[in-house]
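Student: Could you work out the structure for the sequence below:
(2 chains)
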Amino acid sequence: MKILIIVPAFNEEKNLPLVVEDLTKNCEIPKDIVVVDDASTDSTASVAKSLGLKVLRLPVNLGIGGAVQTGFKYAVSQGYDVAIQFDGDGQHQAAYIANLIDSFEKDRVDLVMGSRFIEKTDYQSPVARRVGMWLFSSVYGLLTGRRIYDTTSGFRLYGRELMKYFCRYYPTDFPDMPALLAASRRGFKISEVSVQMKHREHGVSSTGFWKSVWYPFKTISAAFAVYLEVGR
Amino acid sequence: MIFGGVPIETVLLCVGLSAILNGLVIYGVRKRMFSETFSVIWMAVSFILLILPLLTPILKKTADILKFDSFPSMLFTFASIGLLGLLVALSVQITRLSRASKDLAQELAILNGTLGDKDYETSTRAHH
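Tutor: Residues are numbered from 1 along each chain as shown, chains lettered A, B, ... in the order given. I've put the predicted structure just below:
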């Protein structure tokens, strides 16, 4: 099975070496790594190249959705069977990649979510964020009749057929939950496995204050738009 | 002096303002500021605005038939609907263009990445 790790990165020059070290030391599964540099203004691309990684440098900032979709397009064109989204901010832990692959093979699903909330983990998020996550999970449950504990997790494994679909259609801006909903509406099978996550070590999230205020409204309205757009 | 129930000064003011808009649109079209579709739309809009003040008697009759309180409220209603339609059309256009530029940016990134590999392979082969 050909596995590609997609690392979307925006201004992650300091976190990227740690991410690569984690992927090299703690994940022994044969894999290729591609960094999708979302038009960073720092030296993310050159750091990634100096680490010997394949880099896809976007000429303009497309946001996380556009960056991840670039990874899917690359993965499909290069014949990968599976892609794993692994954020460049250092929050995801490579040791759990094996669990995602296990679930993909055993449960025969198209999408495996790395979830922080199936089991009690050390991950602590602010109350406002937890309320938001609960809200997204509820909206997802309302629209699909299924329960996903962590709809905003960016630690995901995608099968080839789902990647092909996402090459054609992938929500932009705040795609986490709407993409999940689109996959579910199209009949792709989804599973969830428990993972631990860390907080970023360097830099700040690209989601600033105003973006985080706008985030819940945008995500929920995008979810309803996806619900209407993507028929069963 | 009254024209179709409207003071002639008001009619002349409206015609004057519409003529200015017409001039600006023609200037824009000549300078290729609009695509062909939008040139046609704005030329049509500015022409309609130019002749509307001269059609006040007809407008008043139409407003009476359609049971509007007055012909300005009828014009306002139709103008609002027209502008909303234009906004929808522009939203569609913007979405289409955003998708096209996103696809282009992604293709460019993938092509550059793949060509980078080829350059590397070629240079390694040359070294061997």
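
Student: can you tell me how far the most centrally placed residue in chain A sits from chain B?
Tutor: The residue lying closest to the centre of chain A (Cα atoms, centre = their mean) is A:Gly154, at 2.9 Å. Per Cβ to the nearest Cβ, to the nearest Å, A:Gly154 is found 18 Å from chain B. For the C-beta atoms, the positions are set from N, CA and C on the backbone; glycine is no exception.

Student: so that residue sits right up against A:Met177, yeah?
Tutor: No: using Cβ atoms under 8 Å, A:Gly154 is not in contact with A:Met177, being 11.0 Å away.

Student: which parts of the longest helix along chain A are buried?
Tutor: Taking DSSP state H as the criterion, chain A has its longest helix at helix A:209-229. Judged by neighbour count (16 or more other Cβ atoms under 10 Å in any protein chain shown), helix A:209-229 contains these buried residues: A:Tyr215, A:Pro216, A:Thr219, A:Ile220, A:Ala222, A:Ala223, A:Val226, A:Tyr227.

Student: ok, is the least confident helix or strand in chain A by mean pLDDT in contact with chain B or not?
Tutor: Lowest by mean pLDDT, DSSP states H and E among the helices and strands of chain A is helix A:209-229, with a mean of 79. No: contact of helix A:209-229 with chain B (Cβ under 8 Å from any Cβ of the partner chain) is absent, the minimum separation being 11.4 Å.

Student: packing partners for that helix?
Tutor: When contacts are defined as 3 or more Cβ pairs under 8 Å, 6 or more residues apart in numbering or on different chains; DSSP states H and E, helix A:209-229 sits against helix A:127-144, helix A:176-185.

Student: Can you tell me what sits against that helix?
Tutor: A:132, A:135-136, A:139-140, A:143, A:171, A:173-178, A:181-182, A:185, A:207 (Cβ atoms under 8 Å, 6 or more residues apart in numbering or on different chains).

Student: Report the backbone C-alpha coordinates of that helix in CSV.
Tutor: Extracted C-alpha coordinates of helix A:209-229, given in CSV (Å, rounded to 0.1, in the frame of the first residue of the first chain):
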residue,chain,number,x,y,z
PHE,A,209,-9.3,36.3,16.9
TRP,A,210,-11.7,37.6,14.2
LYS,A,211,-11.4,34.4,12.3
SER,A,212,-12.2,32.4,15.4
VAL,A,213,-15.3,34.5,16.0
TRP,A,214,-16.4,34.0,12.4
TYR,A,215,-15.4,30.3,12.4
PRO,A,216,-18.6,28.7,14.0
PHE,A,217,-21.0,30.7,11.8
LYS,A,218,-19.0,30.0,8.7
THR,A,219,-18.6,26.3,9.5
ILE,A,220,-22.3,25.8,10.3
SER,A,221,-23.5,27.7,7.2
ALA,A,222,-21.0,25.8,5.1
ALA,A,223,-22.3,22.6,6.5
PHE,A,224,-25.8,23.4,5.5
ALA,A,225,-24.6,24.5,2.1
VAL,A,226,-22.7,21.2,1.7
TYR,A,227,-25.8,19.3,2.8
LEU,A,228,-27.8,20.9,0.0
GLU,A,229,-25.0,20.7,-2.6
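
Student: quick one: contacts of the helix or strand where B:Thr37 lies?
Tutor: B:Thr37 belongs to helix B:36-51 when assigned by DSSP states H and E. For helix B:36-51, the external contacting residues (Cβ under 8 Å, 6+ apart) are B:Val15, B:Ser18, B:Ala19, B:Leu21, B:Asn22, B:Val25, B:Ile26, B:Gly28, B:Val29, B:Phe34, B:Leu86.

Student: now do stretch A:118-138
Tutor: Contacts of stretch A:118-138 (Cβ under 8 Å, 6+ apart): A:116-117, A:147-152, A:176-177, A:192-198, A:215-216, A:219-220, A:223.

Student: Can you tell me which of those residues are buried?
Tutor: A:116-117, A:148-152, A:176-177, A:192-195, A:197, A:215-216, A:219-220, A:223.

Student: all strands for chain B, in order.
Tutor: B:2-3, B:6-7 (DSSP state E).

Student: Comparing these, which yields the minimum mean pLDDT?
Tutor: The stretch with the lowest average pLDDT out of those is strand B:2-3, scoring a mean of 68.

Student: Can I take it that the residue nearest to the centre of chain A is in a helix?
Tutor: No: secondary structure assignment (DSSP: H, G, I helix; E, B strand; the rest coil) places A:Gly154 in coil, not in a helix.

Student: Now it: closest residue in space that isn't a chain neighbour?
Tutor: A:Asp87 (5.1 Å; Cβ to Cβ, 6 or more residues apart in numbering or on different chains).

Student: A:Val7 is in contact with the one you found, correct?
Tutor: Yes: contact criterion Cβ under 8 Å: A:Asp87 and A:Val7 qualify, at 7.1 Å.

Student: Settle it for me: which of those two has more neighbours?
Tutor: Neighbour count, other Cβ atoms under 10 Å in any protein chain shown: between A:Asp87 and A:Val7, A:Val7 has more, with 30 against 21.

Student: Residue ranges in the chain under the pLDDT threshold?
Tutor: Looking at chain A here, since you left the chain open. A:121-124, A:200-212, A:231-232 (pLDDT under 70).

Student: Let me rephrase: I mean chain B.
Tutor: B:1-5, B:117-128.

Student: Just give the number of residues close to the residue nearest to A:Arg147 when sequence neighbours are not counted.
Tutor: Of all residues not flanking A:Arg147 in the chain, A:Gly141 sits nearest, at 5.4 Å (Cβ to Cβ, 6+ apart). Neighbourhood size, A:Gly141 [other Cβ under 10 Å]: 13.

Student: about what we covered before: mind putting the helices and strands packed on helix A:209-229 in TSV, distance to A:Lys31 included?
Tutor: Below are these laid out as TSV (distance: least, Cβ to Cβ, whole Å):
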stretch	distance to A:Lys31
helix A:127-144	29
helix A:176-185	22
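
Student: Fine, thanks again, bye for now.
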